[in-house]
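Colleague: Below are the sequence and a predicted model for it; my questions follow.
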Amino acid sequence: MENLTMGASLKQPIVFELVGFDVPPGQGPLLFFLALCAYMVVLLGNGVVICVIVMDRNLHRPMFVMICHLVVCDLLGATAVLPRLMMHFLTGQKNISYLPAIAQGFCVHTYGVAMQTILGVMAYDRYIAVCEPLRYHSIMTSARLHSCCALAWMVALLLIAVLFSFHMNVPLCGRIIQHVYCSNRSILNLACVPTPISNIYGLSMSWSVSTGVFVIIAFSYIRILSASFKKRQTDSSVHKKAFQTCAPHLVVYVLYQIASVIIIVSLRFPSVSQNIRNFFSILFIIIPPALNPIIYGLVSKDLRASILNLFSIQVMRVCHKQ
C-alpha cells in the first residue's frame, strides 16, 4: 500500500480523494443547485444581520457585537465546506491537496469549538444583563466585551491548532477519505500507525469544551430564572424581558447541540449508511448557520426593527429613482 508522509515535500504533494456522497448519474446539477441555494441562504441571512448591526449605531451593544462574532463563526463553517462541495457536485472533482485539506478541517473544527465558546460568553453576558442590570454597563465595558470575544476565539484556535499539530510527520497508508469534507478523524484514519495521543486529546478536548460551556450556560440560566422569579413581584414584565433577552441564545445553543448529537449517534452505529452519515454532517454545517439569523431576527425586537427599517429605506430609494 502506498506510504505517504504528512511532511512530504512540495515535489511530492499529497492529494486526497473525497469519496463522500454516491452521486447518482445525472443528479449532480440538482445537488449543486440545492447546495447553492443553501449557501445563498446562509450568506444572505448572516450577511443581512452583520450589515444591519454594523450600520445601526443603536445596535452597537454587547449582545449584538457577540451576535456578529456568532455570524462570522457561521460563515466560517459554511464557507469551508459548501463551495468545494458544490464544485464536487458540478464537476465530479473529488481530489483535494494536502494544504487545502488541512485548512478545511481546521476551519470546520474551529467552527465547532468557537460556536460553543462564543455561546458561553453570550450566556455570561445575559447573566450580567438580567441579574445585575444596574451594574451591567460598568461590568460589561467595551474592553471586557472585546476581551471575552477574543478569548472565545483564542481558545478555539489554540485547541484546534494543537489538535492538528499531531498530524505532522504521521505516515499515511492511503489517500481516500470516506467523507464529504476533511476532518481530523478522517485524515488520521489513513495513518499507518496508531495515533492514541491524538485520539485521547481529541476526545478530552471535545468533552472539556462541551461540558465547560454547558456548565456556564446552566449556571447562567439557573441564576437568571432565580432572579426573574424574585423580581416578578415588583416588575410584572421581568419574565417577558428575560425571555426576549435569553430565548434566542438558548434556542441557538439547543439547535447546535441537537445537530452535534445527531452526528455523534450516526457515527456510533455501523448500520447507518455512509450517505446518511455524510448527509447529517452537511446538515451540521448548514442548519445552524441558516437558522441562527432567523432566530435572532424573529425574537430580537431591536434587530428585527432595524432590518425592517433598512429594508424600507432601500425600497424607498429604489422607488424614488424610478
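Modeller: Good, I have the coordinates. Numbers count the residues shown, from 1 in each chain.

Colleague: alpha carbons only for contacts and neighbour counts from here, please
Modeller: OK.

Colleague: From residue 220, how far out is residue 210?
Modeller: Distance, residue 210 to residue 220, using Cα to Cα, to the nearest Å: 15 Å.

Colleague: which of these two has more neighbours?
Modeller: It is residue 220, of residue 210 and residue 220, that has more neighbours when counted by other Cα atoms under 10 Å, with 22 against 16.

Colleague: What strand or helix carries the closest residue to the more buried one other than its chain neighbours?
Modeller: Once flanking residues are discounted, residue 220 sits nearest to residue 127: 5.2 Å by Cα to Cα, 6 or more residues apart in numbering. Assigned by DSSP states H and E, residue 127 falls within helix 98-131.

Colleague: which residues in the stretch 101-250 of the chain form strands?
Modeller: Secondary structure of the stretch 101-250 of the chain, counting by DSSP state E, counting those that start in this stretch: strands at 171-172, 176-177.

Colleague: closest one to residue 194 among those strands?
Modeller: strand 171-172 (10.2 Å; Cα to Cα).

Colleague: and that closest one, what does it pack onto?
Modeller: Secondary-structure packing of strand 171-172 (3 or more Cα pairs under 8 Å, 6 or more residues apart in numbering; DSSP states H and E): strand 4-5.

Colleague: Residue 289 is in contact with residue 42, isn't it?
Modeller: Yes. When contacts are counted by Cα atoms under 8 Å, residue 289 is listed as touching residue 42 (5.9 Å).

Colleague: Between the two, point out the one with more neighbours.
Modeller: Between residue 289 and residue 42, residue 289 has the larger neighbour count (other Cα under 10 Å), namely 29 against 26.

Colleague: does the more buried one sit in a helix or strand, and which one?
Modeller: Going by DSSP H and E, residue 289 is in helix 274-299.

Colleague: Just the buried positions in stretch 134-152, please.
Modeller: Applying a neighbour-count criterion of 16 or more other Cα atoms under 10 Å, the buried positions in stretch 134-152 are 136, 139-140, 145, 148-149, 151-152.

Colleague: Just put those residues in CSV and tack on distance to residue 17 and pLDDT.
Modeller: Converted to CSV, those look like this (distance: Cα to Cα, whole Å; pLDDT from 0 to 100):
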residue, distance to residue 17, pLDDT
136, 52, 87
139, 51, 89
140, 48, 89
145, 43, 92
148, 39, 93
149, 36, 94
151, 36, 95
152, 33, 95
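
Colleague: Could you dump these into JSON lines with distance to residue 18 added?
Modeller: Output for those, formatted as JSON lines (distance: Cα to Cα, whole Å):
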{"residue": "136", "distance to residue 18": "49"}
{"residue": "139", "distance to residue 18": "49"}
{"residue": "140", "distance to residue 18": "45"}
{"residue": "145", "distance to residue 18": "41"}
{"residue": "148", "distance to residue 18": "37"}
{"residue": "149", "distance to residue 18": "34"}
{"residue": "151", "distance to residue 18": "34"}
{"residue": "152", "distance to residue 18": "31"}
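
Colleague: Relative to residue 96, which of those residues is nearest.
Modeller: Using Cα to Cα, the buried residues of stretch 134-152 come closest to residue 96 at residue 152, 30.1 Å.

Colleague: now that closest one: how far from residue 48?
Modeller: 23 Å.

Colleague: all helices of the stretch 201-322 of the chain, in order?
Modeller: For the stretch 201-322 of the chain, applying DSSP state H, counting those that start in this stretch gives helices covering 238-268, 274-299, 301-321.
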